[in-house]
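1. using only what follows, build the 3D model:
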Amino acid sequence: MLRRRPPRPPRPLRPARRIFAAFVGASVVGTLLLAWPALHAPGVRVSLVDAAFTAVSAVTVTGLTPVPVAAFSPAGQVVILVLIQVGGLGIVTLGVLGAVLLGARVGVGERLRLQAEQGAIHVGGVVRLARRVAWVTLALEAVLAAGLWAAYLPRFGPAEAAWQAVFHAVSAVNNAGFATDPGSLTGALGGALPLALIAVGFVAGGLGHPVLVEGAQRLRGARRRLGLHARVVLLTSAVLLALGTALFAAFEWTNPATLGAHPPHARLGLAAFQGATPRTAGFTAVEPADLRPATQAWTMLLMFVGGSPGSTAGGIKTATAFVLVGSAWSLARGRGALQAFGRRVSDALLIRAFVVAFLAATLLGAGVTALFWLEPDVAPLALAFEATSAFGTVGLSVGATEAVSAPAKGVLMALMLIGRIGPLTLALALVEAPRTRRVQRPTEDVIIG
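-> Now for the predicted structure:
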């Protein structure tokens, strides 16, 4: 008599799939809350699709919305703020911190998921890293909120100034780009001091948790030198900030709808702010729809690069851009593998950077193509801008998000999730576990270039 084999136990979800499922689950919960009419502003009804879009945008810390934040009641805005904080710190990170506070043991699986979410190089010490990430993030938000409260106090009452300060501090440090005013920072929420403080917040947040933690350790008296990752991130970020400011000023200096209507010193300040915000912040002091086509194209390139690894930013990340550009420059000059700050970048890291960039370009291209097909009556540049903003989790908009149909909004939501999770993490979540090849095939070259 044949014995029936016992059923195999279900395979546990791998870290990439758990992260993807966590963000999707948080988006569903946010959708159900924001679709509740009690959380809408008086006289306003937000559709289920728009509630889902806002929830996904908040969890992925994007800031791209078809309805303004003011369409929700104060309680609804608090829900958005909580979703931003959860998505910014990381869902797995918050779960691990909660387990630590309750005295529970953090297993190997949770440590692997935490490593994947935070972008840590090694699995060792990730729980300690999660604690430091939480403390540094909350400290930055508190300091920024105090500064914004002082800046907003002459314009609002103490309680309203405190709410505006807290909301925009959390939104800035987590690179969410959500603002309570439909015009972002172009109206009463703007001004030289608030713009400067918010810029410091989102630039610091865009550097990534590993760099912030390492910087905090040095401020506390650590004597060791900055690691290679921190140096690469700081150098690349500084170069992109300088280029972003210079080219935005060059393209928009005489545009009366953006910089041209301001005195020279104000133009430089606005150019610096607008040169930094496409990196993933999403706040804006000028209307993106008023930008010249060349400026919009340059902004899209900055949004595609995004922020730094370990941050809430989307895009391919600064370190990826550094490895790709640096390796291309090194190979073109006949120097072989890229060397930086006394270290050599491995071939495996170069391949990983190429895969990330290739997957990002492919997924973004597919999203743009889908939008072109779904919305033939909307300007192609506007659709490409919105798609790049969604993928880079930036939140800048030229107005197309409000005009597109529900299926097109679904495409943008998918791009926001992909951008927050990362194209490589998404690919690992969708494919089966790699199998070790026992037989290696012979190599043969093909013609390149």
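2. pLDDT-wise, which helix or strand of this structure ranks last?
-> Scoring the helices and strands of the chain by mean pLDDT, DSSP states H and E places helix 108-118 at the bottom, with a mean of 48.
3. wait, isn't residue 255 in contact with residue 293?
-> No - contact criterion Cβ atoms under 8 Å: residue 255 and residue 293 do not qualify, at 11.3 Å. Every C-beta, even on glycine, is put in place using the N, C-alpha and C of the backbone.
4. and what about residue 172, helix, strand or coil?
-> With DSSP: H, G, I helix; E, B strand; the rest coil as the basis, residue 172 sits in helix.
5. could you do residue 309 as well?
-> Following three-state DSSP, the label given to residue 309 is coil.
6. need the contact list for it.
-> Residues near residue 309 by Cβ atoms under 8 Å, 6 or more residues apart in numbering: 119, 208, 210, 229, 233, 317, 318, 319, 320.
7. which parts of the stretch 301-449 of the chain are helices?
-> In the stretch 301-449 of the chain, the segments counted as helices under DSSP state H, counting those that start in this stretch are 318-332, 347-374, 380-391, 400-403, 406-421, 423-430.
8. pick the most buried one from these.
-> Scoring the helices of the stretch 301-449 of the chain by mean neighbour count under mean count of other Cβ atoms under 10 Å gives helix 380-391 as the most buried, with a mean of 25.
9. now the helices for the stretch 1-150 of the chain?
-> In the stretch 1-150 of the chain, helices defined by DSSP H, counting those that start in this stretch lie at 15-34, 48-59, 74-89, 91-101, 108-118, 126-152, listed in chain order.
10. center of this structure, which residue is that?
-> Taking Cα atoms, centre = their mean, the centroid of the chain lies closest to residue 313, which sits 2.2 Å from it.
11. quick one, phi/psi of that one?
-> The phi and psi values for residue 313, taken as degrees, to the nearest 10, are phi -80, psi 160.
12. surely it touches residue 392?
-> Yes - here residue 313 reaches residue 392: they are 7.4 Å apart, a contact under Cβ under 8 Å.
13. so what sits against both of the two?
-> 280, 306.
14. where's residue 350 relative to residue 337, distance?
-> Between residue 350 and residue 337 the distance is 8 Å, computed by Cβ to Cβ, to the nearest Å.
15. now list whatever residues contact both of these two.
-> With Cβ under 8 Å, 6+ apart as the test, residue 350 and residue 337 both reach residue 327.
16. hang on, the earlier thing: for residue 80, which of the helices of the stretch 301-449 of the chain is the nearest?
-> With Cβ to Cβ as the measure, helix 406-421 is the member of these nearest residue 80 (14.5 Å).
17. helix 380-391 and that closest one, what's the angle between them?
-> Per axes from the mean of the first three to the mean of the last three Cα atoms, to 10 degrees, the angle that helix 406-421 makes with helix 380-391 is 40 degrees.
18. wait, residue 405 sits on residue 374?
-> Yes - counting by Cβ under 8 Å, residue 374 is a contact partner of residue 405 at 6.4 Å.
19. any common contacting residues for those two?
-> Counting by Cβ under 8 Å, 6+ apart, residue 405 and residue 374 have no shared contacts at all.
20. weakest of the helices of the stretch 301-449 of the chain by average pLDDT?
-> Among the helices of the stretch 301-449 of the chain, helix 423-430 has the lowest mean pLDDT, at a mean of 63.
21. flag the shaky bits of the stretch 101-250 of the chain, pLDDT-wise.
-> Within the stretch 101-250 of the chain, the stretches with pLDDT under 70 are 101-130, 187-188, 219-224.
22. related to what we said a few turns ago, now the contacts of residue 309 in JSON lines, with distance to residue 55?
-> Formatted as JSON lines, these follow (distance: Cβ to Cβ, whole Å):
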{"residue": "119", "distance to residue 55": "24"}
{"residue": "208", "distance to residue 55": "25"}
{"residue": "210", "distance to residue 55": "28"}
{"residue": "229", "distance to residue 55": "32"}
{"residue": "233", "distance to residue 55": "30"}
{"residue": "317", "distance to residue 55": "25"}
{"residue": "318", "distance to residue 55": "28"}
{"residue": "319", "distance to residue 55": "30"}
{"residue": "320", "distance to residue 55": "28"}
